[in-house]
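**Q** turn this into a structure:
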Amino acid sequence: MHKYPLHRPVTVPCLCCGLPYDAEFTSDSDHVICPKCLRHSRSTVDRFRETERAHVSTWKEYLERLRSRAKQAAAERDDRIAQQREEIETLTATVSDLRATIRDGFASAPDVDTQKWLNGQHVLEAEQERDHAYRLRDYAMRTLLAVDQIHHPTEHAVDMCSCGKPVRDCLVGKELEPEREHLYKWENKQIERARKGHSNFLPESHKDHDSRTRVY
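**A** Below is the predicted model of the structure:
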């Protein structure tokens, strides 16, 4: 007997190999066993040995899929961060150029007129796009920090990840490692803003999180 929903697709752990698989149950008495394990479900010594060999092969395939997904996610994350940094630099330069152009072109104009131009549509749009790029970067860093809180070397045993695995076996921790120095600098700035009562992007699980100052 199982307690999974009937007549709709669900992802459940196989009771034989332990790996998740997609199923659609029609009865609460259906076996919760993945298609690969159905082939070796008889209980003889030879079948038991075959089962163990099949499980090892299945686990290897599953691990390889996880590694591939983690690698792809890391590449996409790096591309997004690089793109956001480039966009921030471009927009910052655009704002500076516009300010300089307006300032030089209206150096002899009255202060009131100069201020009107500085608040003109082009400058405002460039500043808004730049701020949007900063916000996208902060959302990305907030997500990475939340993941790092689950996967980081522990204080008492640096060779163990906080998720319970050895550091060398934690795929998520390995993907985060190259970003940690930049991530922690960003975290310290957000902590400083939070402690001053300013808006910040710290995740809710962070010890310095304050819902009164969050901006997401």
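**Q** what's near enough to touch residue 24?
**A** By CB atoms under 8 Å, 6 or more residues apart in numbering, the contact list for residue 24 reads 7, 8, 9, 10. Placement of C-beta: from N, CA and C, glycine included.
**Q** I meant residue 159, not that one.
**A** 153, 166, 167, 168.
**Q** nearest to residue 198, out of these: which one, please.
**A** residue 153 (30.0 Å; CB to CB).
**Q** pretty sure that closest one is in contact with residue 161, am I right?
**A** Yes - applying CB atoms under 8 Å as the test, residue 153 and residue 161 come out as touching, 6.5 Å apart.
**Q** what packs against the longest helix seen in the chain?
**A** In the chain, with assignment by DSSP state H, the single longest helix is helix 45-105. When contacts are defined as 3 or more CB pairs under 8 Å, 6 or more residues apart in numbering; DSSP states H and E, helix 45-105 packs onto helix 35-38, helix 111-118, helix 121-150, helix 171-176.
**Q** out of these, deepest packed?
**A** helix 171-176 (a mean of 19; mean count of other CB atoms under 10 Å).
**Q** show me the shaky parts of the protein.
**A** 40-52, 98, 101-123, 210-216 (pLDDT under 70).
**Q** and the residue lying closest to residue 158 once chain neighbours are set aside, how many neighbours does it have?
**A** Once flanking residues are discounted, residue 158 sits nearest to residue 167: 7.3 Å by CB to CB, 6 or more residues apart in numbering. The number of residues packed near residue 167 is 19, by other CB atoms under 10 Å.
**Q** am I right that residue 167 is in contact with residue 153?
**A** Yes - at 5.6 Å, residue 167 counts as touching residue 153 under the criterion of CB under 8 Å.
**Q** shared neighbours of those two, anything?
**A** Between them, residue 167 and residue 153 share the contacting residues 159, 160, 161, 173, judged by CB under 8 Å, 6+ apart.
**Q** quick check: residue 5 vs residue 23, distance?
**A** Counting by CB to CB, to the nearest Å, the separation of residue 5 from residue 23 is 10 Å.
**Q** what's in contact with the one helix or strand residue 183 maps to?
**A** Here residue 183 sits within helix 180-195, counting by DSSP states H and E. Here helix 180-195 makes contact (CB under 8 Å, 6+ apart) with 138, 141, 144-145, 148, 152, 176, 199-202, 208-210, 213.
**Q** ok now that helix, how far from the chain's centre?
**A** 17 Å (CA atoms, centre = their mean, to the nearest Å).
**Q** stretch 195-208 now?
**A** Relative to its chain's centre, stretch 195-208 lies at 18 Å (CA atoms, centre = their mean).
**Q** first-to-last residue distance for it?
**A** 8 Å (CA to CA, to the nearest Å).
**Q** just to revisit the earlier point, among residue 5 and residue 23, which residue is more densely surrounded?
**A** With neighbours defined as other CB under 10 Å, residue 5 and residue 23 compare such that residue 23 has more, 18 against 12.
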